[in-house]
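1. sequence? don't have it. structure:
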């Protein structure tokens with residue numbers, strides 16, 4: 001199972017699309033790892049610098065409709081290459097969300113009110129997040145505040161996470 005915990009990168013915007021996650025001009029790269037330096041390169045967000053802000057982060061917390069746009073797997077791949085295996089948002093583009101689970105990563109939805117609370121409580125401070133797949137909870141902590149949020153995910157999606165992705169799941173089951 002991939003690591004589903006670590007430092008949080010807060011991206012306070014809705015509708016972050018796959019072209020902002022990984023610009024289309026890099027889709028000709030022949031390996032996943034070649035995508036790494038271009039993660040979130042085209043994301044326009046005040047105060048965000050992808051060259052400085054991604055390093056050392058393992059979790060993204062953002063707003064609604066994350067991963068909208070094209071259906072390519074490159075968007076989860078570039079996150080994975082940068083050590084980001086968990087994205088928490090109000091909701092996701094359907095194909096992006098499933099591509100995350102198919103890669104053994106997690107795309108967890110929380111309510112708008114919960115996302116607002118996370119931003120108000122934790123954004124602007126060094127925050128850690130840990131996903132407990134068995135308990136279906138996310139725990140956020142910044143040394144001052146700690147909050148736990150239950151989440152829903154299908155049993156199959158959680159099996160994909162435990163297995164490390166669809167290919168590993170198929171190897172184990174078939």
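-> Good, I have the coordinates. Source: prediction; values computed, not measured.
2. hmm, residue 67 is touching residue 19, no?
-> No. Between residue 67 and residue 19 there is no contact under Cβ atoms under 8 Å: 10.7 Å. Every C-beta, even on glycine, is put in place using the N, C-alpha and C of the backbone.
3. neighbour count winner among the two?
-> residue 67 (29 against 18; other Cβ atoms under 10 Å).
4. list the contacts of the closest residue to residue 34 other than its chain neighbours.
-> Counting by Cβ to Cβ, 6 or more residues apart in numbering, residue 26 is the residue found nearest to residue 34 once chain neighbours are left out, at 7.8 Å. Counting by Cβ atoms under 8 Å, 6 or more residues apart in numbering, residue 26 makes contact with 34-35, 38, 74.
5. please enumerate the helices of this protein.
-> Remark: helices assigned in the chain by DSSP state H are 18-21, 50-53, 74-81, 94-102, 112-122, 155-163, 166-173.
6. return the helix or strand in the chain with minimum mean pLDDT.
-> Within the chain, no helix or strand scores below helix 166-173, which has a mean of 93 by mean pLDDT, DSSP states H and E.
7. give me the angle between that helix and helix 94-102.
-> Relative orientation of helix 166-173 versus helix 94-102 (axes from the mean of the first three to the mean of the last three Cα atoms, to 10 degrees): 50 degrees.
8. buried sites along helix 166-173?
-> Across helix 166-173, burial judged by 16 or more other Cβ atoms under 10 Å covers 166, 169.
9. what of stretch 53-64?
-> Buried residues in stretch 53-64, counted by 16+ other Cβ under 10 Å: 53-54, 57-64.
10. before we move on, what about stretch 39-56?
-> For stretch 39-56, burial by neighbour count (16+ other Cβ under 10 Å) applies to 39-41, 43, 45, 48, 50, 53-54.
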